[in-house]
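A.B. asks: no sequence for this one, just the structure:
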């Protein structure tokens, strides 16, 4: 894996850059385009100028797609809104609803899986707000949790605690998120009528794989 971006040279700087991306990506799959501001981000050129470059194949394919011309232009917001409602919205019949329980059987009942995830979140002081109606295994919730752990990892001075956070992050990405998100992303690619959601799903998979690899390569006290 090789990541780079202007002014970014250390693993910690790369991880910080990925948190900015995950914040945007999580909002894009959790909120309607009107709520997330996705059409404005497209117009501003953010999706053509990502904060991180990578040679991860999924990330590369997604970034190339997002740099390609928009086929909808003036109809972007209307088309994205319709695409989100049929593809990702909270209606459980959506073909690419982004929650783990729709994509794999964790060996426990869905409610039990949600409870176990909530316990993992609570260990790090992460709780959903009362206004949030998303499940504990929703992609937006999981990406926010990954961001929280990355921030804790980057700011922790105690090597033993830092190492614990690193291991927990790698385990959560590998054993929870990457067990279902690649298949979800394939379904998005098959079903989306816009390049935005196809590209966003690819960035999520590639970004998570990159963060996992960055963290696996870190060594402390040597």
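C.D. replies: Thanks, I have it. These figures come from a predicted structure and were not determined experimentally.

A.B. asks: ramachandran coordinates for residue 103?
C.D. replies: Phi and psi for residue 103, reported as degrees, to the nearest 10, are phi -130, psi -20.

A.B. asks: quick one: low-confidence ranges for the protein?
C.D. replies: The chain contains residues with pLDDT under 70 at 1-9, 45, 72-74, 91-92, 105-108, 219-222.

A.B. asks: same thing but at 80, please
C.D. replies: Applying pLDDT under 80 to the chain flags the ranges 1-9, 41-48, 70-77, 90-93, 104-109, 128-131, 219-222.

A.B. asks: in this protein, where's the longest helix?
C.D. replies: In the chain, with assignment by DSSP state H, the single longest helix is helix 195-216.

A.B. asks: by contact count, what packs against that one?
C.D. replies: On a contact count with 3 or more CB pairs under 8 Å, 6 or more residues apart in numbering; DSSP states H and E, helix 195-216 meets helix 11-30, strand 53-54, helix 57-67, helix 76-87, helix 139-155, helix 159-171, helix 181-191. C-beta coordinates here come from the backbone N, C-alpha and C atoms, glycine included.

A.B. asks: out of those, nearest to residue 216?
C.D. replies: helix 159-171 (5.8 Å; CB to CB).

A.B. asks: give the buried residues for that closest one.
C.D. replies: 162-163, 165-166, 168-170 (16 or more other CB atoms under 10 Å).

A.B. asks: out of those, who's nearest residue 16?
C.D. replies: residue 169 (13.9 Å).

A.B. asks: please give me every residue in contact with the residue nearest to that closest one when sequence neighbours are not counted.
C.D. replies: Using CB to CB, 6 or more residues apart in numbering and skipping residues adjacent in sequence, the residue nearest residue 169 is residue 149, 4.7 Å away. Contact analysis of residue 149 by CB atoms under 8 Å, 6 or more residues apart in numbering lists 124, 165, 168-169, 172.

A.B. asks: would JSON lines of the helices and strands packed on helix 195-216 with distance to residue 41 be doable?
C.D. replies: As requested, the helices and strands packed on helix 195-216 are exported to JSON lines (distance: least, CB to CB, whole Å):
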{"stretch": "helix 11-30", "distance to residue 41": "7"}
{"stretch": "strand 53-54", "distance to residue 41": "18"}
{"stretch": "helix 57-67", "distance to residue 41": "10"}
{"stretch": "helix 76-87", "distance to residue 41": "11"}
{"stretch": "helix 139-155", "distance to residue 41": "16"}
{"stretch": "helix 159-171", "distance to residue 41": "26"}
{"stretch": "helix 181-191", "distance to residue 41": "18"}
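
A.B. asks: among these, which is nearest residue 42?
C.D. replies: Using CB to CB, these put helix 76-87 closest to residue 42, at 6.3 Å.

A.B. asks: quick one, phi psi at residue 94?
C.D. replies: Residue torsions, per degrees, to the nearest 10, at residue 94 are phi -60, psi 130.
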